[in-house]
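>>> no sequence on this one, just coordinates:
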């Protein structure tokens, strides 16, 4: 029980930190977009690579927001059968979802790690007027997917502990 509480605590701390970084990325996207629009409409100058940088930061934001979506249980789901069943069916489907999502996110994280290492080894850069490195984006995606696997495991542990406490 103490391990589950500590695991959940540290997972939530990491999740909040990553979520704050995701918010910073979104703020930078908005600033870049605003600067691009204002400069383009006032003096006719559009800074180079604003779209490339915004798209890259958006990708980072999507992967870094994934763990918080899982923690809040706000991910997309098909609720066709949840209205038919009782609360037990909902708990069962949540557990099955967590059991399946842990290896899926872990495999995706491992694959993203391999992509990051390959990209870092060749010092991959964007193909635009303002070339910037791509490998930090892949590393951020790896962090998001890894944390998503940990958040799923934490949710599953909490569900199992809560079901054991109800039996006692």
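Yep, that arrived. Model, not experiment: these values are computed from the prediction.
>>> what about residue 141, neighbour count?
For residue 141, the neighbour count with other C-beta atoms under 10 Å is 23. All C-beta spots, glycine's among them, are computed from the backbone N, C-alpha and C.
>>> got it, and the one 10 residues further on?
Using other C-beta under 10 Å, residue 151 is surrounded by 26 other residues.
>>> Run through the residues that contact it.
11, 15, 67, 70, 71 (C-beta atoms under 8 Å, 6 or more residues apart in numbering).
>>> could you say what helices and strands the longest helix along the chain packs with?
Using DSSP state H to define each element, the chain has its longest helix at helix 2-42. In terms of contacts (3 or more C-beta pairs under 8 Å, 6 or more residues apart in numbering; DSSP states H and E), helix 2-42 is packed against helix 50-72, helix 135-167.
>>> Pull out the buried positions in the helix or strand following the shortest one.
Beyond helix 50-72 on the C-terminal side, the first helix or strand identified by DSSP states H and E is helix 87-121. In terms of neighbour count (16 or more other C-beta atoms under 10 Å), helix 87-121 has its buried residues at 93-94, 97-98, 101-102, 105-106, 108-109, 112-113, 115-116, 119.
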